[in-house]
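Enquirer: Make a model of this:
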Amino acid sequence: QVNLVESGGGLVQAGGTLRLSCAASGRPFSSGAMAWFRQAPGKEREFVAGITWNSGTDYTDSVKGRFTISRDNAKNTVDLQMNFLKPEDTALYYCAATRSFIVIWNSANYYAWGQGTQVTVSA
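Expert: Down below sits the predicted model:
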């Protein structure tokens, strides 16, 4: 079983920057894809960005050009660099792992989740 722990959330003004990190432990980092999801109050959890084992990436349209996902398989970490943050980016951000080799947007395909880290962007 893999355990995922997120860190790096916080409060930032619009236009600011945050970097989220996800550390995996409990078993060797698999060859599956990893992803970041987010959930704002009153809204469904949504896919933000995903990355394959060999660093192929995919992003939801609203974050393209602003967010960058990366992973270090040797360190068992996945990061999300968030630039030019907007108030609508405010949400609880989750790291997740899937056994799929490709990035999947459907959260039902992810077998492991972190506890989430809060990102709040003020106007």
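Enquirer: Leaving out sequence neighbours, find the closest residue to residue 48.
Expert: In space, and not counting its chain neighbours, residue 48 is closest to residue 36: 4.5 Å by Cβ to Cβ, 6 or more residues apart in numbering. For the C-beta atoms, the positions are set from N, CA and C on the backbone; glycine is no exception.
Enquirer: Let me see the contact set for the residue sitting nearest the centre point of the chain.
Expert: In the chain, the residue lying closest to the centroid (Cα atoms, centre = their mean) is residue 36, at 2.1 Å. Residue 36 sits next to 20, 22, 48, 49, 50, 69, 78, 80, 93, 94, 95, 96 when contact means Cβ atoms under 8 Å, 6 or more residues apart in numbering.
Enquirer: Please report the distance of it from residue 82.
Expert: 9 Å (Cβ to Cβ, to the nearest Å).
Enquirer: what residues are shared contacts of these two?
Expert: residue 20.
Enquirer: who's in contact with the nearest residue to residue 17 once chain neighbours are set aside?
Expert: Excluding its sequence neighbours, the residue lying closest to residue 17 (Cβ to Cβ, 6+ apart) is residue 83, at 5.1 Å. For residue 83, the contact set (Cβ under 8 Å, 6+ apart) comprises 17, 66, 67, 68.
Enquirer: so how far is residue 21 from the second one?
Expert: Spelled out, it's residue 66. From residue 66 to residue 21 the distance is 18 Å (Cβ to Cβ).
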